[in-house]
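Undergrad: task: produce atomic coordinates for the following.
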Amino acid sequence: MSEEATPVDMKAATQAVLAGQSLADHLGLPQDLTRVLYAAAVGHYEAERYPQAIQTLMQLTPLDARMPDAWALMGNCMMKEGRFPEALEAWSVALHLNPSYSAALQVARTALALQDRVTAAVALMAMRKHGTTPEHRAAFLEVGEALMALPA
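TA: Okay, the predicted model is just below:
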């Protein structure tokens, strides 16, 4: 894999997700390519090579923008790099693709930190829907109180 990744328009990749499109499918690329790129990104992340993981994910997400795990990993990498608005965007895509409690909690907390009321509210609704344990319910209440405390 080369050291330099081709720049990717995150907004365009996000729109592909919302439209249910996959560039890899459109181009007839094998699914193995996306699996190899994802595995490489996970390896970089686990080795704390966050810039390399981001580069790899930037190659992967345009090929198949419908992989929630890739978007969640992108958010984690962006967070580790201190790129919180971009992390929020990636986690929001992951939440859209596969609503889960953990993704909703990540989105809600990051949105609260960035004072993004709308995104926090959307994530709070997903937390409510997917929260199943007493700990989930406690975190839901905590996030709800924090959302209400944000300045209007």
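Undergrad: so which residues make contact with whichever strand or helix holds Asn76?
TA: Secondary structure assignment for Asn76, by DSSP states H and E: helix 68-80. Applying C-beta atoms under 8 Å, 6 or more residues apart in numbering, the external contacts of helix 68-80 come out as 17, 38, 41-42, 45, 48, 50, 53-54, 57, 60-61, 64, 84, 86-91, 93-94, 97-98, 103, 106, 110. Quick note: C-beta positions are derived from backbone N, CA and C, even for glycine.
Undergrad: out of those, which are inside strands?
TA: Counting by DSSP state E, no part of the contacts of helix 68-80 is found in strands.
Undergrad: ChimeraX command for the buried members of these?
TA: In ChimeraX, this line selects whichever of the contacts of helix 68-80 come out buried by 16 or more other C-beta atoms under 10 Å:
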select :17,38,41,42,45,50,53,54,57,60,61,64,86,87,88,89,90,91,93,94,97,103,106,110
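Undergrad: returning to that earlier point: now the helix holding Asn76: mean pLDDT?
TA: If you average the pLDDT over helix 68-80, you get 92.
Undergrad: what's the answer for stretch 132-151, then?
TA: Mean per-residue pLDDT for stretch 132-151: 93.
Undergrad: ok, and what's touching it?
TA: In this structure, residues lying in contact with stretch 132-151 by C-beta under 8 Å, 6+ apart are 101, 105, 108-109, 112, 115, 117, 120-121, 123-124, 127-128, 130-131.
Undergrad: now, of those residues, which are buried?
TA: Applying 16+ other C-beta under 10 Å to the contacts of stretch 132-151 flags Tyr101, Leu105, Ala108, Arg109, Leu112, Ala120, Ala123, Leu124, Met127, His130, Gly131 as buried.
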